[in-house]
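# sequence and predicted structure are below.
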Amino acid sequence: MREIRCIVFEDGELIKALVAHGRRTGKSLPPGQISSFEIERSKEVVARMTITSDEGQKTVIPTSGAQLAAAMIAYCIDRKVPVPAHAAKSITVIDDHVALKITMAGD
């Protein structure tokens, strides 16, 4: 028997997670405002932020895979949401929102 738990992120929470992860890893966003955010569901889930500079130049920053998972896990840990270290973790989309899927093996 296995237990599966999903932590569903609202877009604003996912943006905060990605920004904080960028700061933590030394890959902060370029100067400007986040002008759009979208989730792409292809072979893997991709979160795309578009940053628009004060001059109007747009930069698209895609995040997926291990980077996306690391940002979501760190966000949970920062907010005291338990994330078991030995559980399998994956990214999925539920109701048009990105979710961290945690699968724990039973006894």
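Thanks, I have it.
# quick one: the helices in the chain, in order.
Using DSSP state H, the helices of the chain run over residues 11-24, 65-78.
# want to throw those into JSON lines with mean neighbour count, mean pLDDT and distance to Met104?
Where C-beta positions appear, they are placed from N, C-alpha and C, glycine not excepted. Shown next, in JSON lines, are the helices of the chain (neighbours: other Cβ atoms under 10 Å; pLDDT from 0 to 100; distance: least, Cβ to Cβ, whole Å):
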{"stretch": "helix 11-24", "mean neighbour count": "17", "mean pLDDT": "94", "distance to Met104": "22"}
{"stretch": "helix 65-78", "mean neighbour count": "17", "mean pLDDT": "95", "distance to Met104": "15"}
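# okay if I get those as a markdown table plus distance to Asp95?
Below are those laid out as a markdown table (distance: least, Cβ to Cβ, whole Å):
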| stretch | distance to Asp95 |
| --- | --- |
| helix 11-24 | 12 |
| helix 65-78 | 16 |
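# state the distance from Ala99 to Ile51.
For Ala99, the distance to Ile51 equals 24 Å [Cβ to Cβ, to the nearest Å].
# can you pull the pLDDT of Asp107?
Note on Asp107: pLDDT of 62.
# the closest residue to Ala88 other than its chain neighbours: what's it in contact with?
Counting by Cβ to Cβ, 6 or more residues apart in numbering, Ala88 lies nearest to Thr103, which is 4.4 Å off, once chain neighbours are set aside. Counting by Cβ atoms under 8 Å, 6 or more residues apart in numbering, Thr103 touches Arg2, Glu3, Ile4, Ala87, Ala88, Lys89, Ser90.
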